[in-house]
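Compute the structure for the input listed below.
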Amino acid sequence: MSKQDKDTKVTPPEQETAAEVKQEAAPEAAETQAGAEAAPKAAPDPSEELKKALAAKEDQFLRLAAEYDNFRRRSSKEKTEAYSQAKADAALAFLPVYDNLERALNQGTEDQAFLKGVEMTMTQLTKVLAGLGIHPIEALGKPFDPNLHNAVMHIQDESLGENVVAQVFQTGFTMGDKVIRFSMVQVAN
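Purely as a prediction, here's the structure:
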């Protein structure tokens, strides 16, 4: 091979250099880039994105505010119920004292000072219970109500109507609409 043959040597297409490939690809890339600039791109509007973000945060805030309001109401209701239940439990502990004072008043005695003392104690206990919103259930002579009375005995008495409370063995108490203790009664049939 001569020197001239070496200089004119042709290389097969597989052996093209990277620089030659870049030169050939450069015009194609320039054409694509020019085409993209010519067509208007739909650029996202920043104000729309901000409006969406604001709406999402506003929704999140409203949900959090509603959740807090529900928590506050539930807590208030639980406090009220806990107080009422504690009050009812405390009163229930004093009801045996009421029963004993009631039995003492029903016993005949000659000692007027003793009777006066028991009456005063009973009056004071009744006032304390009333101050707590706890009231005795009026049962004697009233129609039997299973929501207020616990019938432990039945009696046949023509002078009383059907299902009328004939005798009260133990006084029942209510606190508002809630029954703390049912009246133990005898019912006439």
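
I'd like to know how many residues surround V118.
Using other CB atoms under 10 Å, V118 is surrounded by 19 other residues. Using the backbone N, CA and C atoms, a C-beta is placed for each residue, glycine as well.

What pLDDT does the model give E110?
Model confidence at E110, given as pLDDT, is 87.

Please apply the same query to E67.
96.

How about the one 3 residues further on?
In the prediction, the pLDDT value recorded for N70 is 96.

Next: Q4.
pLDDT at Q4 comes out at 53.

And the strands in the protein?
134-136, 149-155, 164-170, 173-175, 178-181, 183-188 (DSSP state E).

Next, the buried residues of the fifth one.
Counting neighbours by 16 or more other CB atoms under 10 Å, one finds that the buried residues in strand 178-181 are V179, I180, R181.

re the thing from before, out of the strands of the chain, which one sits most buried?
Greatest average neighbour count among the strands of the chain goes to strand 183-188 (a mean of 21), per mean count of other CB atoms under 10 Å.

Give the pairing partners of that strand; include direction for each.
strand 149-155 (parallel), strand 164-170 (antiparallel) (DSSP bridges).

what's next to it, contact-wise?
Contacts to strand 183-188, defined as CB atoms under 8 Å, 6 or more residues apart in numbering, come from residues 137, 139, 144, 148-157, 160-172.

just the helices in the protein please.
3-7, 18-38, 46-106, 112-131 (DSSP state H).

Can you say which of the strands paired with strand 183-188 is nearest to F114?
Nearest to F114, of all the strands paired with strand 183-188, is strand 164-170, at 23.3 Å by CB to CB.

How far does that closest one sit from its chain's centre?
With CA atoms, centre = their mean, to the nearest Å as the basis, strand 164-170 stands 40 Å off its chain's centre.

quick one: contacts of it?
99, 139-144, 149, 152-153, 155, 157, 160, 181, 183-188.

Equivalent analysis for stretch 78-86, please.
So stretch 78-86 is contacted by M175, G176, K178 (CB under 8 Å, 6+ apart).

would JSON lines of those residues with distance to N106 and pLDDT be doable?
Below are the contacts of stretch 78-86 laid out as JSON lines (distance: CB to CB, whole Å; pLDDT from 0 to 100):
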{"residue": "M175", "distance to N106": "25", "pLDDT": "93"}
{"residue": "G176", "distance to N106": "29", "pLDDT": "88"}
{"residue": "K178", "distance to N106": "28", "pLDDT": "92"}
